[in-house]
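Engineer: Mind folding the following:
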Amino acid sequence: MGQDNRVQKVVADAVERGADAAEEIQKSIAAVPFDWLRRVADLGERVDDAQQVHDRTVSAVYDLVRGVNREVARLADRVLEAPHGNSPKPRPRRVSGSKPAAHAAAV
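Structural biologist: Below you'll find the model as predicted:
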């Protein structure tokens, strides 16, 4: 593994760990008002449900960050493995549920 690949891996790992830490911090900060509501008002299950929705939403956002990080790392691997001066051509990617460009133009 070359120096460039090691740097790419260190950066990708740092982003992954940073996303993990940020997710946990955001959830723990948000837990404070949810805990306060449980003590002050008799809202019980409603507060629990709201916190679960919040936590799932936060997790989905950070899962997206991790997914983008993985894709960037894959692209970096391809670029670093290409002979110098010959960057690989990017492969077109479809957004989930979208139509290919040729089909979309015909519609």
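
Engineer: can we go C-alpha only for contacts and neighbour counts from here?
Structural biologist: Will do.

Engineer: What ranges does the chain have for its helices?
Structural biologist: 3-40, 44-81, 101-106 (DSSP state H).

Engineer: Now tell me which of those the model trusts least on average.
Structural biologist: Comparing mean pLDDT across the helices of the chain, the weakest is helix 101-106, with a mean of 43.

Engineer: before we move on, the earlier item: could you dump the helices of the chain to TSV with mean neighbour count?
Structural biologist: Formatted as TSV, the helices of the chain follow (neighbours: other Cα atoms under 10 Å):
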stretch	mean neighbour count
helix 3-40	14
helix 44-81	15
helix 101-106	8
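
Engineer: Taking the centroid of this protein, which residue is nearest it?
Structural biologist: The residue lying closest to the centre of the chain (Cα atoms, centre = their mean) is Val65, at 1.7 Å.

Engineer: Distance of the residue nearest to it when sequence neighbours are not counted relative to Leu64?
Structural biologist: Nearest non-adjacent residue to Val65, counting by Cα to Cα, 6 or more residues apart in numbering: Ala19, 7.1 Å away. Applying Cα to Cα, to the nearest Å, the value for Ala19 to Leu64 is 10 Å.

Engineer: Repeat that for Leu75.
Structural biologist: As judged by Cα to Cα, Leu75 and Leu64 stand 17 Å apart.
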